[in-house]
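>>> Kindly generate the corresponding structure for this input.
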Amino acid sequence: MHDYLHQSLTVAGTVLFFNSITLIIGSWLGGYIYDHGKVRFFLILSVLMQAASVFLLIFFHDWPYFAFLLILDNFGNGISSTIVSSLATGIKEKDPRYVFNMIYFMQNVGVVAGTMLVGYVIEISINMIFIVNFAMYAVFLLIVWLFYFVPQHVLAKHASQKKGVSDKTPKKAAIVIFAALALYFAIDVGYSQWQSNLSVYMGQLGIPVKNYSLLWTINGIIIVLLQPLINRFDESFQTKLTHKIYLGIVLFVFGFSSLIFAKSYPYFVLSMTIVTLGEVLTFPTFPAFVSSLSSFSEKGKYQGLVTAFPALGRAVGPVLGGIIIDNFSYAALFTFTSAFVIIVGSILIGCAKINLDGNGEIKK
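Here you go, the predicted model:
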């Protein structure tokens with residue numbers, strides 16, 4: 001928006017903020033749909049919405065059409081991604097940890113491939129980016145049409161709800177879930193600084209933009225290499241979800257706080273590596289953890305929140321970071337993000353200790 005459409009950074013930031021808000025609304029709606037029926041119909045409809053938005057971008061990518069279609073695409077993304085995550089909770093043949101790890105792994109394979117290709121594609125034409133994107137949505141739509149069906153036990157759940165029979169998530173479980181979601185929010189407030197204010201900070205230190213971009217290549221490579229190994233480790237040792245989240249808290253705190261001392265590029269590489277290790281451990285674990293605690297009739301609701309809370313963190317993070325930088329310093333920002341994760345992480349640990357037993361089950 002800034003480089004190609006010549007809009008101010010304020011306008012670009014406003015559009016990205018509304019982009020996050022529509023993702024949150026779409027996530028809530030996707031969860032509601034999963035819990036109340038017509039799942040397959042609305043999943044196909046949401047993917048069609050995304051495909052149509054990108055198709056129109058091929059012809060209408062000037063201002064303000066680009067902003068409107070981007071927001072519409074993200075709204076559809078909120079619905080479809082939440083429904084896909086909710087459907088994943090219904091897979092009984094595989095451990096939930098494996099399912100969500102694989103979803104996260106494939107998402108990042110796409111990110112790495114897209115990042116590698118976009119530089120070459122944009123040299124041909126900016127239109128080509130939207131054409132390739134539309135082709136990917138067309139493939140996704142075909143996959144959904146052929147393979148995405150609602151499990152019979154979920155259909156039975158919808159039928160029982162129509163008769164007034166439903167089970168609610170226990171209060172103790174809900175407390176732990178919301179503490180985990182608050183932690184996910186806190187982590188993404190800090191993580192979003194890497195996607196926004198860190199590029200400016202590194203520029204002020206004289207580090208080239210290409211070096212900043214390389215950090216995200218490192219991020220993607222670490223995720224793609226480590227995620228299959230974590231799957232194997234989980235299967236072999238049956239690692240507890242809470243332990244993975246707790247270790248992730250430590251890694252994020254070290255990663256965020258290490259930025260206080262980062263003045264040269266190797267330090268940023270080290271910080272990114274630590275943060276990425278935390279990401280690999282926790283980001284696919286949150287949906288699995290929430291799924292393990294939520295009731296059968298509220299799987300969609302809570303998976304929607306799993307998508308919404310980090311999206312809210314990504315919406316608030318850059319703005320909050322900018323305010324702290326303007327009034328204090330970058331060091332204050334890194335201290336705040338570290339302290340925020342420590343405080344909210346401690347709350348989660350306390351809530352889990354009070355309400356969960358040693359196996360991660362709700363105490364009677």
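
>>> where's the host helix or strand of I129 relative to the chain centroid, distance-wise?
Per DSSP states H and E, I129 falls inside helix 126-147. A distance of 21 Å separates the centroid of the chain from that of helix 126-147, by CA atoms, centre = their mean, to the nearest Å.

>>> what's it packed up against?
On a contact count with 3 or more CB pairs under 8 Å, 6 or more residues apart in numbering; DSSP states H and E, helix 126-147 meets helix 39-59, helix 96-124. To be clear about C-beta, it is placed using only N, CA and C from the backbone, and glycine gets the same treatment.

>>> Any chance of a markdown table for those helices, columns mean pLDDT and distance to I223?
Shown next, in a markdown table, are those (pLDDT from 0 to 100; distance: least, CB to CB, whole Å):
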| stretch | mean pLDDT | distance to I223 |
| --- | --- | --- |
| helix 39-59 | 93 | 23 |
| helix 96-124 | 82 | 4 |
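
>>> Run through the strands of this protein in chain order.
Assigned strands in the chain: none (criterion: DSSP state E).

>>> lowest-confidence helix or strand of it?
Ranked by mean pLDDT, DSSP states H and E, the weakest helix or strand in the chain is helix 152-162, scoring a mean of 59.

>>> Tell me who's in contact with the residue lying closest to M102 once chain neighbours are set aside.
Using CB to CB, 6 or more residues apart in numbering and skipping the chain neighbours, the partner closest in space to M102 is N231 (7.1 Å). Each residue near N231 by CB atoms under 8 Å, 6 or more residues apart in numbering is listed here: 97-98, 101-102, 105.

>>> T89 now?
Going by CB under 8 Å, 6+ apart, T89 touches 96, 291, 299, 303.

>>> about what we covered before: what separation do you get for the residue nearest to M102 and P287?
N231 sits 15 Å away from P287, going by CB to CB, to the nearest Å.

>>> Identify all contacting residues around the helix holding I129.
Under CB under 8 Å, 6+ apart, the answer for helix 126-147 is 4, 43-44, 47-48, 50-51, 54-55, 57-58, 61, 117-118, 121-122.

>>> before we move on, the earlier item: where neighbours are concerned, which of the contacts of N231 has the most?
Ranked by the number of neighbours (other CB atoms under 10 Å), those place R97 first, at 23 neighbours.

>>> does that one really touch F289, like I thought?
No: the criterion here is CB atoms under 8 Å, and R97 misses it with F289 at 9.2 Å.

>>> Neighbours of G110, how many?
Neighbours of G110 (other CB under 10 Å): 12.

>>> Then M106?
M106 has 12 nearby residues by other CB under 10 Å.

>>> do the same with L205
Count around L205 with other CB under 10 Å applied: 13.

>>> pretty sure it is touching Y267, no?
No: counting by CB under 8 Å, Y267 is not a contact partner of L205; they are 10.0 Å apart.

>>> that older thread, residues bridging contact with R97 and F289, i.e. touching both?
L241.

>>> Now that T22 has come up, it's in contact with G76, right?
No: the pair T22 / G76 is not scored as a contact, 9.2 Å apart, by CB under 8 Å.

>>> ok, for S257, nearest residue in space, not its chain neighbours?
Using CB to CB, 6+ apart, the nearest residue to S257 is S338, at 4.1 Å.
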